[in-house]
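Trainee: dropping a prediction and its sequence here:
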Amino acid sequence: MRPAARLQAAIELLDSIRGGTLPADRVIERYFRDRRYAGSKDRRAVIARVFAILRDRAPLAWRMAQGSDQPVDAVMERATGRELALIHAAVTVPADLALFGEGGAHAPDALGEDEKVLAQRAGDAALDTAPDWVRLGYPAWLDASLRRRFGAQLDTEMVALNARAPLDLRAQLGDRDLLMHELKEQGLAATATPISPWGIRLAESHPLGTVDAYRRGAVEVQDEGSQLVAALTLARPGETVIDLCAGAGGKALALASVMDDRGIILACDTDARRLAELEPRQRRADLRSIRPLVLRDGAPELDSWTARADAVLVDAPCTGMGTWRRAPDARWRLSPEMLAKSCALQAETLHRAAPLVRPGGRLVYAVCSLLPEEGEAQAEAFLAAHPDFTPSPPADRWAAAGLGGTPPDGLWAVLTPARHGTDGFFIAVFTRSR
Ligand SMILES: C[S@@+](CC[C@H](N)C(=O)[O-])C[C@H]1O[C@@H](n2cnc3c(N)ncnc32)[C@H](O)[C@@H]1O
């Protein structure tokens, strides 16, 4: 694809993402499935541009709103892919403005006079007077929550949440050092993650379909933060662990590994389709201890498990705010109603988990979100309603879990991209009294 065709593809994708309800990565996947002529370099270039524009959607809209009487949120709402791509080019690579109207198949149309004025005005506009939510790229309605979480670190943390994430793998079969050596021999810049003892970090995203260690199930894709959720569960061989919201089983597989595939991991979810992805992954990893269980309304299937689990993991449904590095459009699709719905589900799953824990056992609550509503508020409400549980601070578990670095202070493990280099996570561990 010529550079102008790549630009046009980015414009089309931005319009599809804006006009639909699907996450950006799904829209992108479909788009390229229908355009086999696009090579991997084309795809990478187009995706990089689309993601950069989605990340900067608020500052780009702010620049666009200068000199108009429209409020920035209204401009952001209606800005087309072409307008966003135009302003992005004017601000970051002005030479790309020449791609509009360059001619040839699939190039964007030439700029009209109004568009040239817009590009000039937007390119000259400064962000100095923009509010923080615009400058740092988050929905205005989350301002109070993010300030409560990050305080004086708001800028630093939001910059880290807007940066591109590395690709983390977990050594699933075999020794991490040997696997890293193998990956390096294939030309991949693999390093050990600093906290998880099983983590391997690739600086750049890489198509794993061609990597032998991945194809044979020796490594799994998993952010280091997710690996730490599994580690802090402190699951031991022979135990009974219930993974109440197992999804496609990322954390269940990590639990089975630390348990040496001995004991029972009951992997539950209400979504049968997601849970179905677990079986082939378990087979690929040569594990047998995971038992998938689809939950129906009210989860009657769990009645016979009352007070039997040494540990219950509640990797609860959440807004995914902590993964904004990987899904830069997700923040703009979030609404106060979605947050309220997530919080209600979190309270419900925690409440369902409590009776499953045996006396003396532990309950681990995790969300890939840094919003206090989904973190501390849930943990504190749970404790208030369940006096037989007490918090077990991360500092007490860190070394036992074999983790590197310094454990977070306080009652809960709050992991952030700026401080820990992971996705954003809130993890609480509670112990049930004997
Ligand atoms: C954060 S995801 C789990 C990710 C998974 N543990 C992993 O490591 O890949 C949350 C999961 O909770 C499931 N879920 C939603 N409501 C639930 C409920 N009431 N009971 C159990 N699971 C639920 C969703 O289907 C989703 O798969």
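Mentor: Okay, I see it.
Trainee: which residues of the stretch 201-350 of the chain lie near the ligand?
Mentor: 226, 244-248, 250-251, 268-271, 274, 295, 315, 317, 345, 348-349 (CB under 6 Å from any ligand atom). C-beta: built from backbone N, CA, C; applies to glycine.
Trainee: pull out the buried residues from these.
Mentor: Among these, the ones that count as buried by 16 or more other CB atoms under 10 Å are 226, 244-248, 250-251, 268-270, 295, 315, 317, 345, 349.
Trainee: narrow the residues of the stretch 201-350 of the chain next to the ligand to those in strands?
Mentor: 268, 269, 315 (DSSP state E).
Trainee: hey, what's the last one bridged with?
Mentor: If I follow you right, that is residue 315. When bridges are called by DSSP bridges, residue 315 pairs up with residue 366.
Trainee: give the contact list for it.
Mentor: Residue 315 is in contact with 229, 243, 244, 245, 246, 247, 251, 366, 367, counting by CB atoms under 8 Å, 6 or more residues apart in numbering.
Trainee: make sure the first one is actually in contact with residue 427.
Mentor: Yes. The criterion here is CB atoms under 8 Å, and residue 229 meets it with residue 427 at 5.7 Å.
Trainee: which residues are common contacts for the two?
Mentor: 364, 366.
Trainee: residue 88 sits in which helix or strand?
Mentor: helix 81-92 (DSSP states H and E).
Trainee: now, which of the contacts of residue 315 lie within helices?
Mentor: 229, 251 (DSSP state H).
Trainee: residue 134 against residue 127, yeah?
Mentor: Yes. With contact defined as CB under 8 Å, residue 134 counts as touching residue 127 (7.2 Å).
Trainee: neighbour count: these two, which is higher?
Mentor: residue 134 (22 against 13; other CB atoms under 10 Å).
Trainee: which residues belonging to the helix or strand encompassing that one are considered buried?
Mentor: In the assignment (DSSP H and E), residue 134 maps to helix 132-136. Residues 133, 134, 135, 136 are the ones in helix 132-136 that count as buried (16+ other CB under 10 Å).
Trainee: contacts for the helix or strand following that helix, please.
Mentor: Using DSSP H and E, the helix or strand that follows helix 132-136 in sequence is helix 143-150. Residues from elsewhere that reach helix 143-150, judged by CB under 8 Å, 6+ apart: 132-133, 138, 154, 156-158, 370-373, 414, 416.
Trainee: buried among these? Need that as a selection in PyMOL.
Mentor: Buried subset of the contacts of helix 143-150, written as a PyMOL selection, criterion 16+ other CB under 10 Å:
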select buried, resi 133+138+154+157+158+370+371+372+373+414+416
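Trainee: which of the contacts of helix 143-150 fall within strands?
Mentor: Here DSSP E is the test, and the contacts of helix 143-150 give residue 414 as lying in strands.
Trainee: tabulate the contacts of helix 143-150 (TSV), appending distance to the ligand and pLDDT.
Mentor: Below are the contacts of helix 143-150 laid out as TSV (distance: CB to the nearest ligand atom, whole Å; pLDDT from 0 to 100):
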residue	distance to the ligand	pLDDT
132	28	96
133	26	96
138	21	96
154	25	98
156	26	98
157	21	98
158	22	97
370	14	98
371	14	98
372	18	98
373	16	98
414	17	98
416	18	98
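Trainee: mind putting the contacts of helix 143-150 into TSV with distance to residue 323?
Mentor: Formatted as TSV, those follow (distance: CB to CB, whole Å):
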residue	distance to residue 323
132	21
133	19
138	14
154	18
156	18
157	14
158	14
370	10
371	12
372	17
373	17
414	15
416	12
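Trainee: between the contacts of helix 143-150, which sits nearest residue 357?
Mentor: Proximity of these to residue 357 (CB to CB) peaks at residue 414, which lies at 22.9 Å.
Trainee: ok, the closest one touching residue 375?
Mentor: Yes. Counting by CB under 8 Å, residue 414 touches residue 375, with 7.0 Å between them.
Trainee: and for the two, which residues touch both?
Mentor: Common contacts of residue 414 and residue 375 (CB under 8 Å, 6+ apart): residue 426.
Trainee: got a list of contacts for stretch 25-41?
Mentor: Against stretch 25-41 from outside (CB under 8 Å, 6+ apart): 1, 9, 12-13, 16-17, 20, 22, 43, 46-47, 50, 207, 327.
Trainee: what subset of the residues you listed is buried?
Mentor: Buried, going by 16+ other CB under 10 Å: 1, 9, 12, 13, 16, 17, 43, 46, 47, 50, 327, out of those.
Trainee: just the CA atoms of the strand or helix carrying residue 114, as CSV, please.
Mentor: Taking DSSP H and E as the criterion, residue 114 maps to helix 113-124. Taking Å, rounded to 0.1, in the frame of the first residue of the first chain, the C-alpha atoms of helix 113-124 are listed here in CSV:
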residue,chain,number,x,y,z
GLU,A,113,-10.1,25.5,1.4
ASP,A,114,-11.9,25.1,4.7
GLU,A,115,-9.8,22.1,5.6
LYS,A,116,-6.6,23.9,4.8
VAL,A,117,-7.7,26.7,7.2
LEU,A,118,-8.6,24.1,9.8
ALA,A,119,-5.2,22.4,9.5
GLN,A,120,-3.4,25.7,9.9
ARG,A,121,-5.5,26.9,12.8
ALA,A,122,-5.4,23.5,14.6
GLY,A,123,-1.6,23.2,14.0
ASP,A,124,-1.0,26.6,15.6
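Trainee: and it, what does it pack onto?
Mentor: helix 57-65, helix 81-92 (3 or more CB pairs under 8 Å, 6 or more residues apart in numbering; DSSP states H and E).
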